[in-house]
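> Would you be able to build a 3D model of this:
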Amino acid sequence: MFSIDNSQYLRSGFTLGKGNKLFQDIERDIIKIVFWERRVTQSQLVSATKIPQQTVSRLLKGLTQSKVLRQTENMIPNPKGKPGFAIELNPDYAYTFGVSILLDAVGVTVMDFAGNVIATNMCEMDDMSIVHVLEAIETLITGLCETAKLDETRVLGIGVGISGFFSSMDGKMNTHHMLEEWAQVDIVEIISSHFTLPTWVVNDGTAGAAGEGVAGVGRQYKNFVYLFVSSAFGGGIVTNSEVLRGTYGNAGELGDMLPTKIYAHPNLELLKRILKKNGVNFSSIYNLNEEFDPDWPGVEEWIFKVQDSFDLVATCCSALLDAEAIILGGHIPKKLAEMVIPRIDVYAQFRRGAKRPMPKIVVSGVEKFPVAIGAATIPLRELCL
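Residues are numbered from 1 along each chain as shown. Just a heads-up that it's a prediction; the model follows:
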């Protein structure tokens, strides 16, 4: 769900080409390959795109002159011929903002054109009303831009990850009750009007998956399922390196696989209640990765309560999607995820002495700010990839 106002680009350092696109399709084909491979040669681009060599050469010249790409002095070996100069994205060509609107916190990430996280910050809040959230986002963006010395005319847009699900195709969301003012309103219009930038909105689990695919271990896999463990439980799906949205934008609502009266949802609110019952308190789920102690009384109880839930979700995802990996992420502490993973049992039929290939189950590589980081990748994915 997104909105692009051409005048917003005219007020920035960018101009739109034919068809009101930032890049033409043939240019995006090249940018996409360079983004995922990080460094390539001209001959590799010709081979991967099947575009004639002369056309690739012309496109590379134009993209280099406009500072989208840059040629380095490093040489990449070519098994079938001469080595070639490495071509890579120019990280300073553009930037994106990623915003997370969580149940009790707002976060912002700045990402460069190559998908590198430049800066990020978060503030926890008691009041998640629209006015207060916009003020907090603006304060965080201003601080990060000053810290990173960012050229604000080079910002492509804003991605937003928020807790909730899309209720229709008009982009409005049925948000968590703690985000009451954000329910059934045009979030894209609210954000884009306030910051005068193109804006995209996804739910928090989808944002986490999107970020994992660019800045985490998910980059190693073209197809994976992301389990988002936070105040609630959800997820996201990446297939062929692209985020799966579904008809309404709700693909990856993994929590709906678990009837609440039968399965305990593996979320951190349940962990918080169990730990509190055992005399253990922590300051916030957003600091839990640093504070977590595997020996806390109550940790094993939580794992026991949610183990069947993880088994069911992992088995369903494996059977339905045949993913390369299932990634355990969100705000779950890394040490806790490492305790859970060996106990997840993915069921599969055993036939002729073997099971079908099973997905790897791994810990997320994005340990903090997963939603804001993921949201920052959305403008890159929509405009360039």
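> Now do stretch 190-204, average pLDDT.
Averaging pLDDT along stretch 190-204 gives 96.
> next one: stretch 290-300
The average pLDDT within stretch 290-300 is 97.
> Might one say that Gly255 is in contact with Ser230?
No: using Cβ atoms under 8 Å, Gly255 is not in contact with Ser230; the gap is 10.6 Å. To be clear about C-beta, it is placed using only N, CA and C from the backbone, and glycine gets the same treatment.
> by contact count, what packs against the one helix or strand Pro379 maps to?
Secondary structure from DSSP states H and E places Pro379 in helix 370-383. Counting by 3 or more Cβ pairs under 8 Å, 6 or more residues apart in numbering; DSSP states H and E, the packing neighbours recorded for helix 370-383 are strand 95-101, strand 105-112, strand 117-124, strand 155-162, strand 199-203, helix 204-215.
> and the angle from that helix to strand 155-162?
Inter-element angle recorded for helix 370-383 and strand 155-162: 130 degrees (by axes from the mean of the first three to the mean of the last three Cα atoms, to 10 degrees).
> Going along the chain, name the strands of the stretch 251-385 of the chain.
According to DSSP state E, counting those that start in this stretch, the stretch 251-385 of the chain carries its strands in the segments 325-330, 360-363.
> Would you point to the one among these that's packed deepest?
Compared across the strands of the stretch 251-385 of the chain, strand 325-330 shows the largest average neighbour count, a mean of 27 (mean count of other Cβ atoms under 10 Å).
> Now for the closest residue to Lys360 other than its chain neighbours: which residues touch it?
Nearest non-adjacent residue to Lys360, counting by Cβ to Cβ, 6 or more residues apart in numbering: Ala325, 4.6 Å away. Applying Cβ atoms under 8 Å, 6 or more residues apart in numbering, one finds that Ala325 lies in contact with Val217, Gly218, Gln220, Tyr221, Asn223, Phe224, Val225, Pro359, Lys360, Ile361, Val362.
> Could you do Phe165 as well?
Counted by Cβ under 8 Å, 6+ apart, Phe165 has contacts Met173, Asn174, Asn203, Tyr248, Asn250, Glu253.
> On the three-state scheme, it is what?
Of the three states, Phe165 takes strand under DSSP: H, G, I helix; E, B strand; the rest coil.
> so what's it bridging to?
For Phe165, the beta-bridge partners are Asn174 (DSSP bridges).
> Distance from the chain centre to stretch 285-292, please.
Chain-centre distance of stretch 285-292: 20 Å, with Cα atoms, centre = their mean, to the nearest Å.
> likewise stretch 187-205?
15 Å.
> how about the spatially closest residue to Gly211 that is not a sequence neighbour, what does it touch?
Closest residue to Gly211 apart from its sequence neighbours, by Cβ to Cβ, 6+ apart: Gly374 at 2.8 Å. Under the criterion of Cβ under 8 Å, 6+ apart, the contact list for Gly374 reads 98, 159, 161, 202, 206-212, 214, 366.
> how about Leu150, what does it touch?
By Cβ under 8 Å, 6+ apart, the contact set of Leu150 is Tyr95, Val110, Ile118, Leu144.
> That one looks like it's in a strand, true?
No: Leu150 is assigned coil when assessed by three-state DSSP, not a strand.
> quick one: it from Arg39, how far?
25 Å (Cβ to Cβ, to the nearest Å).
> One more: Leu380?
18 Å.
> Neighbour count: the two, which is higher?
Set Leu380 next to Arg39 and count neighbours by other Cβ atoms under 10 Å: Leu380 wins out with 25 against 14.
> Verify the contact between that one and Phe113 for me.
Yes: using Cβ under 8 Å, Leu380 makes contact with Phe113 at a distance of 7.3 Å.
> Quick check: mean pLDDT of stretch 370-377?
Taken as a whole, stretch 370-377 has an average pLDDT of 98.
> Let me fix that, I meant to ask about stretch 226-245.
Stretch 226-245 carries an average pLDDT of 97.
> okay, that stretch in CSV with CA atoms only?
Written as CSV, here are the backbone C-alpha positions of stretch 226-245 (Å, rounded to 0.1, in the frame of the first residue of the first chain):
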residue,chain,number,x,y,z
TYR,A,226,10.2,-15.1,9.5
LEU,A,227,8.7,-15.7,13.0
PHE,A,228,8.1,-12.3,14.6
VAL,A,229,8.1,-12.8,18.4
SER,A,230,7.3,-9.6,20.2
SER,A,231,4.4,-8.3,22.4
ALA,A,232,2.3,-10.4,20.0
PHE,A,233,3.2,-13.2,17.6
GLY,A,234,3.2,-12.9,13.8
GLY,A,235,5.5,-13.1,10.9
GLY,A,236,6.4,-12.5,7.3
ILE,A,237,7.3,-14.4,4.2
VAL,A,238,10.0,-13.8,1.7
THR,A,239,9.9,-15.7,-1.6
ASN,A,240,12.6,-15.3,-4.3
SER,A,241,14.0,-12.4,-2.2
GLU,A,242,10.7,-10.5,-2.5
VAL,A,243,8.3,-9.8,0.4
LEU,A,244,5.0,-11.7,-0.1
ARG,A,245,2.1,-9.4,0.6
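> mind giving me the domain ranges of the chain?
16-90, 93-211+371-383, 219-365 (automatic domain parsing).
> got a list of contacts for stretch 167-183?
So stretch 167-183 is contacted by 1, 101, 103-104, 128-130, 133, 162-166, 184-188, 201, 203, 232, 247-249 (Cβ under 8 Å, 6+ apart).
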